[in-house]
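Student: Compute the structure for the input listed below.
(2 chains)
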Amino acid sequence: MGILEVKNVGKRFGGLQALSDVNLSIAENTVHAIIGPNGAGKSTLLNCLVGKLIPDSGSVMFDGQSVLGRKPYQINQMGISRVFQTPEIFGDLTVMENMMIPCFAKRDGAFQMNAIGGVMGQKDVIERAEAMLEDMNMADKRHMHSAALSRGDKRRLEIGMCLSQSPRLLLLDEPTAGMARADTNNTIDLLKQIKDERDITIAIIEHDMHVVFSLAERITVLAQGSPLVEDTPDKIKGHPKVREAYLGESQDAA
Amino acid sequence: MLGLEKRDMMLLVIVFFLTMFAPFILNPFPADSSLAQFNAGYPDLMQRFVIFGIFAIGFNILFGLTGYLSFGHAAFLGVGSYSAVWMMKLLTMNVIPAIMLSVIVAGLFSVVIGYVSLRRSGIYFSILTLAFAQMSFNLAYSVLTPITNGETGLQIALDDPRILDGANAARYPNLFGAEMNDATTLFFGGWSFTFSVGYYVCAIIMLLAFYLSIRIFRSPFGMMLRAVKSNQQRMNYTGLNSKPYTLAAFVISGMYAGLAGGLLASMDPLAGAERMQWTASGEVVLMTILGGAGTLIGPVLGAGFIKYFENIFSKINDNILHGWFSFLPDGLEDFIVAIIYPFIGKGWHLTLGLLFMLVVIFLPGGLVEGGQRVARVFRRRDVKSGDAELDAAKQRPNTPAE
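Tutor: Below you'll find the predicted structure:
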């Protein structure tokens, strides 16, 4: 029984069957990659997991509880954090403030009317945020306007913000999309480090095969809205069906 | 001190002294000099400065922090005024119950309007609030005449019940007997300074309101409101429900508006529907943006600025202009007066509009940003060697400080 169980999920947009009969089980403390060509339904599947979309059929269970019908903030409070394709951070706020907000959410829940006590008096939140910035090697940038960070640092900050809540499942949507090679490698190193140091399950949607094969322990290949195969990276590499889905028939893999 | 950081405490102290000594500061010219018309130190205008300051401080908690632009806040101002007058008709001429009721009623009213309007964001939110305010305005004018007294406006009358007041109680709004329009005038050489009870009541309430807004700005709640403005998507995926946060901000700013409305009615026990009109809602938007949305002191500055223009610039007529330029040759005098005339007197809106455009284009942070730029120029001159410090200042993000 995995920490996340997706059963028979289907989703239709008008005439397009984006997902049909998707079954997926993500085991605890693994890195599970979901790959597939453009239009395979990867992002739709992810949106069904975090409450942005509600599937037409099937069930999504996280740690024995259904996530269907819950709002994104409720799903986050259950222990699922999401990293976006383009880093979503609080651009008007400083790096430190960015880090404090998820810590407040973790401590106080979805809404807390704390309008009188000063932010600077919240020692536990400040400590937690400072420690996370240290972990992310961003402590020297804490007073910077987060909009002024580089693309790689924004990604780092976003991942740090998710981790500061100690989620049980971290969902990454193409974390290296549009990144230069150096930034991509930095992100891979960061994710490897996270995987080694923390009790966390990571699900990653990715185009970049270099990233996928450096990180993943299990890979699910999605094509035309349903899972094609699920296996270890070594098996997936040489799998004829995968080659077919990606490259068309009788072509050599690049 | 008072739970504030040093910088905020300084700001509060400065505002405290400015408001307490306003009767001196705003009357810099001798009463019989030709410049006396620029004096703003008379009670009625000073009360407007601080009351609209409160209105703008509250509006800024919604607009400055969350970015939700309400075009209907005058509705809460009007509701506050009506509630206060009713309290003075029914219970007592003491202003305390009147002000309390106006805050409560405006708060309840803003819960309803906020709950509906906040289902949408951006322009749709603005339109919804505008629609609600115009609806309230029209209702006050027509159907609700029994409560609002329609076009005439709600007034107090001698035969009102006022069940808590005895036969010999004060007939004017008062604070435990001290009537709001009581004033003493201090003559000092050619100068005269007026101290009125009403102004000081308003000023003290404004200081409390300002202090509370600093606390809100610096609280975790204030940080969440800035998060709403910055990125709601990230907020929702960080486990925070943005809706109650925005509603709370809306209700708090509605209560500030109700407080301002209650004070207006306490200074002059009269409430009319025009106080709810959309122009009044627009005015508080202008005040906040002109002064600097999202800054602490900006809205107060903006309110003072606009009220000063409205009351002082609008009084300059062509005779006064001719007086100023009488030293010039006749033809030139007429020419200059003809050029300036459209911008003063009834044309003060034109000047205000131009200023507003200049501020929005060149100083998006409002008058506060203007002040910061001036301060930076001086600092650069003073500390030529301290370049490192200056660079640090440049890198520092614009926290909602000054």
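Student: switch to C-alpha atoms for all contacts and neighbour counts from now on
Tutor: Fine.
Student: how about the strands in the chain?
Tutor: No chain specified, so I'll use chain A. Secondary structure of chain A (DSSP state E): strands located at A:4-13, A:16-26, A:31-35, A:57-62, A:65-66, A:80-83, A:169-173, A:201-205, A:218-223, A:226-231.
Student: oops, I was thinking of chain B
Tutor: Going by DSSP E, chain B shows strands at B:154-155, B:174-175, B:178-179, B:183-188, B:191-196, B:270-271.
Student: Would you reformat the ones you listed as TSV and include mean pLDDT, mean neighbour count and distance to residue A:242?
Tutor: Output for the strands of chain B, formatted as TSV (pLDDT from 0 to 100; neighbours: other C-alpha atoms under 10 Å in any protein chain shown; distance: least, C-alpha to C-alpha, whole Å):
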stretch	mean pLDDT	mean neighbour count	distance to residue A:242
strand B:154-155	90	20	79
strand B:174-175	88	20	83
strand B:178-179	86	17	87
strand B:183-188	87	11	88
strand B:191-196	89	19	84
strand B:270-271	90	24	76
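Student: Quick one: closest of these to residue B:340.
Tutor: strand B:191-196 (29.4 Å; C-alpha to C-alpha).
Student: Show residues contacting the closest one.
Tutor: B:23-24, B:27, B:29-31, B:41-43, B:180-187 (C-alpha atoms under 8 Å, 6 or more residues apart in numbering or on different chains).
Student: check contacts around the closest residue to residue B:281 other than its chain neighbours.
Tutor: Nearest non-adjacent residue to residue B:281, counting by C-alpha to C-alpha, 6 or more residues apart in numbering or on different chains: residue B:74, 4.6 Å away. Shown in contact with residue B:74 (C-alpha under 8 Å, 6+ apart): B:133, B:257, B:275, B:276, B:277, B:278, B:280, B:281.
Student: What does the pLDDT read for the third one?
Tutor: The one in question is residue B:275. Residue B:275 is assigned a pLDDT of 90 by the prediction.
Student: quick one: average pLDDT of stretch B:17-28?
Tutor: The predicted model assigns stretch B:17-28 a mean pLDDT of 92.
Student: now that stretch: how far from the chain's centre is it?
Tutor: Centroid separation between stretch B:17-28 and its chain, computed with C-alpha atoms, centre = their mean, to the nearest Å, is 17 Å.
Student: Can you pull the phi/psi pair for the residue of chain B most remote from its centre?
Tutor: Most distant residue from the mean C-alpha position of chain B: residue B:329, 43.0 Å away (C-alpha atoms, centre = their mean). With angles defined as degrees, to the nearest 10, residue B:329 sits at phi -60, psi 150.
Student: mind listing the helices in the stretch 151-300 of chain B by residue range?
Tutor: Assigned by DSSP state H, counting those that start in this stretch, the stretch 151-300 of chain B shows helices spanning B:197-217, B:220-230, B:232-236, B:242-267, B:278-291, B:298-312.
Student: do the shortest one and chain A meet?
Tutor: Just to be clear, that refers to helix B:232-236. Yes. Helix B:232-236 is in contact with chain A by C-alpha under 8 Å from any C-alpha of the partner chain, via B:233, B:234, B:235, B:236.
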